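Asks: model this:
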Amino acid sequence: MKLTEITLKNRTAIIVLTAILVVAGAYSYSTIPKESNPSIEIPIFIVNTIYPGISPSDMESLVTQPIERELQGISGVKDIRSTTTESFSSVIVEFDLDVPITEASQRVRERVDLARTDLPPDAEDPFIIEIDLDDFPIMTINLSADYPLSRLTEVAERLEDEIETVAGIRDVEVVGSTQREVQVNVNLAALNGYGLSFGQLINAIQGQNLTIPGGTVDVDMMSYLIRVSGEFQDPVEIENLVVARPMGDGPRGPGLVYMRDVAEVVFGFKERESYARLRAYKIDESGKKIDIPADQIQDNQVISLNIKKRPGVNILDTAQEVKRIVEDYAMPPGTNVVITGDFSEDITQLISDLENSIISGMLFVILVLVFFLGVRNAILVGTAVPLSILVGFIVLLITGQTVNFIILFSLIIALGLLVDNSIVVVENIYRYREMGYERFEAAKLATDEVGYALIAATSTLLAAFIPMTFWPGIIGQFMGYLPMTLIIVLLCSLFVALVLYPVLTAYLVKLDHEKTEKRSTFVKGLGISIAVFLAVAIGMANLTTLFVTILAILFFYLSYRFIIKPLSDIFTSRTLPRILQYYKVMLRTFLQRDYRPKYALLRNTLALGSLAVALILAIFGGIVGIFSPASGILFAMAGVLAAVGFIMVMIHFLEAIFRGGQISIITGFVLGIFNSLILLIVSLTKTVLLPIWIVLLSIPVLLIIVGSLGLFRRSDRPLILTDNRALLLNSVLASLFAIFAMFSFAPTGVEFFPETDPNRIIVELEGPIGMNVDATNEIAHFAQQRIYDLIDRDDRVKANIESIQTNVGVSGDPFFGGGGQSPELARLTLNLVDFGERVEPSGVTLTKIREVIRDIPDVIINIDGEQIGPPTGAPVNIEISGDDFDEIVRITREITQILVDASVTQTVPGLVDVRNNVSGGLPEYRILVDYESASRFGLNMADIAQTIRIANNGLEASKWRDGEDEYDIMVRLRPEDRQDLESLRNLTIRTPMGATVPLVSVATFEEGSGLGNITRLNLRRTATVVGQAAPGFSGPEVLVKAQEVLAEYQQNLPPGYSMQYTGESEDQDEAFGFLTTALLVGFALIFLVMLAKFNSIVSPLIIMTAVGLSLLGVLLGLILTRTPFGLMTFIGIISLAGIVCVNNIVLMDYVKQLTEQGLSKKNAIIEAGLIRFRPVILTALTTILGLVPLTFGINIDFVELFRSFDPRFQFGSENTAFWGPMGIAIISGLTFATFLTLVVVPVLYSTFDSVSKKLAKLA
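Replies: Okay, the predicted model is just below:
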């Protein structure tokens, strides 16, 4: 390779470049912005409109429908959903993801501006919200105090101003504070007695509270500004305003009517629309959770500051700056501060997991490499991992990416892959050095020999991941960081292996028999001086760190000297040669064939030939079927041949077991013990039923029984097959059939995203529509008390909970009928301790909480845990559409009841929290205006409605300014008049002539109920029923059972009404459909890369066959570990397709080189297998071991180990559950694929060579 020549000629520059990359990579890693979830642009907009005092049905016709009609005309709109409640309309417009978000935003704003002209003049202007996943609080600062809430509000607002000065903060949302206002509470009796109207009171306030410039006056040399100021200096002044000057005798005789005569002016507080409380069980002291004494645990009324950051800024730096401001802020005595929901802690934990997993993985990798290459070469190869990752961080920083948990754990997934290229290069250079070549000559020859193969192998890996970068939808934007990261670091690893490592290996590689050069006294002294300086520096910083460092050095030195080195010497000098000898004998045995017996060709090819011809006929039949019905004949022939082939394959499988005899028995016992151990380990966390044990132990039992019968075989003559290659290939294919059968008899289920152990449990309580916030607060208190009782009697639950935050009168889910603040909705957030400190899984705690609060009467309860992953719909999400909304409501409630009953009786196991978005009737007090009577008095509908609205809801007459603060001046009836519906009858309305007319003269009254809320989808009224899956149950399984329960009901729906299953199932179908396409496209790209590399169709076909057969290992791993097949497993299979190709390409390329050098095909296959045995095993082991810490949650905190001698060792984490299925798929698949590479692929190569020769003779 020309590249190798250039790098070796400029080796000094390469050394300097390596140092520069290390420094630049470390800088990039420390400075690149870090955040929790990926930053996703979602073209979804919410148009909210407030029209106080308007019923849902009127809001729908007056506000919602005009906005919907305008938005419908926008191109690129995917869905329009709306929810209309009392006084509030929320319209959600979702665009196709290919529409740029800026363009979509502009279109929505233009259309909403057009719709304003169709809205009632009294309605507030619609405001548009852009959905942004970054727009969530990175932390919540909760303030409580023993002084009044009004003063605490002032403290919170000043702290808000301080925090907003931080450059990375976008917004601070204050929740639970009290808002002051000037209240003009009107006495209805006095107002009627004086014959006044609300308009006169409002005009009096507005006419006085003014500042009007009067121009300027020049006097001598001075210019004076004339200003007429009537603004209120104190709210008390409002009481002295003159409202009217009645004339005549009687109560309305001559004189002045003051505001104080008809109203009371109070500088008070707005009515509470929400409540916030916090109950803490643990506090954070010096990074550790300390239990609060039982007598100090109480509910504290709090004001919460939700801190939101700007997109793209470093969450760690931003959070640290906010905490510094809070610590430095001069809080009044008696103020308590509790920080909850700190996402910077999650990011810190993610980074810690990444670092610890990399260190653990490197230790595993280096330990394996030591046995094959020696400690010096092992460390050299192991450093390829951090070096590739550091170069990857440089690329990520340059391309403007931010680091999130997908990117971080993609690096862990790539841990074993990053070392593969370097292993091949270093091992090959080491082999050439063993052959006697000089350092740099060995580096050139070895790199040239494998360089193009490594490029092709890495290209196949990239080909597997490139199609995934085109993943559409929100899930695609979320998970798209995985292939992007893997592509970047794999390219970096190839760069490291082909550019940096030939030079580094040439300098550093050393054979065991080579003598170490003596160092000069100066070098020794310099080394000792540096070591002493570092020891002193570390000791001054932390004596524990120095002590642990010395212990670690001694441990590794002594372990290597007395354990690892002797074992390594034994392994390399005795064990490995024996393994290679056994491998050589095994390979020769599997390549043996004898075609002298009668019908040998037919006997050896009937099974596989029948299946191959059946496949060809089926493909041809599918093509013919497009044009002609004659394809049925071809399909019938294919079916017959497939049946014959299947039967013969299973017969040959039994034949192989029978001929194996003792080997089959040993294999059966080993496999049985292995399966039993895995199932026993799995049964510690999951229930493994007896039928599953029987299914999984059936194959080992079959091996033992048939193998035992083979012991009685007296002749070595073949039974049917005379070609050992056919025997092996039939056995592998039969194993694949057997695994598929086991998977069908012992299914592991299907899931979308893996269920993780949540850090927070969220309980939502929804009371009947129309319930006021105080009543909802009582329900929240009732639910809280039940949870408190559970905590008091269950120590495991108490140990898991850090704090409980309660918010009453919160906004609901905008996609499920929420959006605005709802007085009937309360939310309890249970913040849990860190994963390693939990005494039971948080899913168990969640189930216990559900049991104690599930039966609160007249309350809809939804309990869910915070999950890792992109936003998805509910597992059971049913949309009911039709023409008549009353009929929709009836159907929705019946479906809800069916599912509730199924949940209670466990007809649908795992179904919980069934609810719908059809609320009960909203209590209404209808005022029916007699238009004829009103017209006689010169009144219209607007006059009457305005008076009623002011009396009940109030009207902002003006503002009172107190320094820099502004307060609303609200005019409305006093509370005792507003709380009595009969008071409305006593209202009077002022006519244009100045007379007052009682409301009862122009209107009648009736009580009733109207729709609580109205939901619509694409301009049609639609209702939704949702249900969740309990912990331990997968969403797809729950949905299938729910569909079975509702199947009969769905068939009997009235004409014109439909049920549609959407939500998570719809997202899953889209995601799985794309991944299937990505897998097929990836296979095609991999095939094209190999075709270009080998310039032959045979080698690519062999390798692709091995890729397909590796599915056997994946399925076996899923069955044994009882892991459901889900999205992460699917991604693991796609990744495996590229990984399996790497070793096969290197092996097949070397076979090609040997045959070109003149060796026979058989000898070339054996020689290539022997020479590539070590790198194949190494790359497989390093990839597998690199994934072990993440897959099985093996976590050692190396930072804490060196800082405080506390390794915090634990099994499992929140991330293990999410990424584990992918790791299991890759580990199990790659384990079996290694056998395929070393044994089956050489046999396949020999078989294809024989077939091609036969076909050539026939031709």
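Asks: make it CA atoms for all contacts and neighbour counts henceforth
Replies: Noted.
Asks: Please tell me how far Glu124 sits from Phe937.
Replies: 29 Å (Cα to Cα, to the nearest Å).
Asks: Neighbour count: the two, which is higher?
Replies: Phe937 (18 against 14; other Cα atoms under 10 Å).
Asks: Go ahead and confirm the more buried one touches Thr991.
Replies: Yes. With contact defined as Cα atoms under 8 Å, Phe937 counts as touching Thr991 (6.4 Å).
Asks: joint contacts of those two?
Replies: When Cα atoms under 8 Å, 6 or more residues apart in numbering defines a contact, the residues bordering Phe937 and Thr991 alike are Val997.
Asks: Strands of the stretch 1001-1150 of the chain, start to end?
Replies: 1003-1010, 1013-1017, 1020-1029, 1058-1061 (DSSP state E, counting those that start in this stretch).
Asks: Between the ones you listed, which one is closest to Leu482.
Replies: Closest approach to Leu482 among those (Cα to Cα): strand 1020-1029, 27.1 Å.
Asks: what pairs with the closest one, and is each one parallel or antiparallel?
Replies: Here strand 1020-1029 is paired, per DSSP bridges, with strand 876-881 (antiparallel), strand 911-916 (antiparallel), strand 1013-1017 (antiparallel).
Asks: could you dump those to CSV with mean pLDDT, distance to Gly25 and mean neighbour count?
Replies: Below are the strands paired with strand 1020-1029 laid out as CSV (pLDDT from 0 to 100; distance: least, Cα to Cα, whole Å; neighbours: other Cα atoms under 10 Å):
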stretch, mean pLDDT, distance to Gly25, mean neighbour count
strand 876-881, 89, 46, 22
strand 911-916, 86, 48, 24
strand 1013-1017, 82, 50, 23
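Asks: Those strands: which one's closest to Ala1137?
Replies: Ala1137 sits nearest to strand 876-881 of all the strands paired with strand 1020-1029, at 33.1 Å, using Cα to Cα.
Asks: Summarise which helices and strands the following helix or strand past that closest one is packed against.
Replies: Going down the chain from strand 876-881, the next helix or strand is helix 885-905, by DSSP states H and E. With contacts taken as 3 or more Cα pairs under 8 Å, 6 or more residues apart in numbering; DSSP states H and E, helix 885-905 sits against strand 876-881, strand 911-916, strand 1020-1029, helix 1035-1051.
Asks: What lies in contact with helix 885-905?
Replies: By Cα under 8 Å, 6+ apart, helix 885-905 touches 880-882, 908-912, 914-916, 918, 1021-1025, 1042, 1045-1046, 1057.
Asks: and the residue nearest to Leu1154 when sequence neighbours are not counted, what element?
Replies: Of all residues beyond its chain neighbours, the one nearest Leu1154 is Ala1164 (5.6 Å), with distances taken as Cα to Cα, 6 or more residues apart in numbering. Ala1164 is part of helix 1161-1192, with elements assigned from DSSP H and E.
Asks: Show me which residues of that helix are buried.
Replies: By neighbour count on 16 or more other Cα atoms under 10 Å, the buried set for helix 1161-1192 is 1161-1162, 1164-1170, 1172-1192.
Asks: go on, stretch 634-643?
Replies: Leu634, Phe635, Met637, Ala638, Gly639, Leu641, Ala642, Ala643.
Asks: Identify those among those residues that sit within helices.
Replies: Leu634, Phe635, Met637, Ala638, Gly639, Leu641, Ala642, Ala643 (DSSP state H).
Asks: Test my guess that the second one contacts Ala618.
Replies: Yes. Counting by Cα under 8 Å, Phe635 touches Ala618, with 5.6 Å between them.
Asks: Out of the strands of the stretch 1001-1150 of the chain, which is closest to Thr756?
Replies: Closest approach to Thr756 among these is made by strand 1020-1029 (12.8 Å; Cα to Cα).
Asks: Taking helix 885-905 as reference, get the angle to the closest one.
Replies: 10 degrees (axes from the mean of the first three to the mean of the last three Cα atoms, to 10 degrees).
Asks: In PDB, list the C-alpha atoms belonging to strand 1020-1029.
Replies: Provided in PDB are the C-alpha atoms of strand 1020-1029 (Å, rounded to 0.1, in the frame of the first residue of the first chain):
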ATOM      1  CA  ARG A1020     -63.500  15.000  12.700                       C
ATOM      2  CA  ARG A1021     -64.700  14.500  16.200                       C
ATOM      3  CA  THR A1022     -62.600  11.600  17.600                       C
ATOM      4  CA  ALA A1023     -62.200  10.000  21.000                       C
ATOM      5  CA  THR A1024     -59.300   8.000  22.300                       C
ATOM      6  CA  VAL A1025     -58.900   5.100  24.700                       C
ATOM      7  CA  VAL A1026     -55.500   4.300  26.100                       C
ATOM      8  CA  GLY A1027     -54.100   1.700  28.400                       C
ATOM      9  CA  GLN A1028     -50.600   1.100  29.800                       C
ATOM     10  CA  ALA A1029     -48.500  -2.000  30.300                       C
END
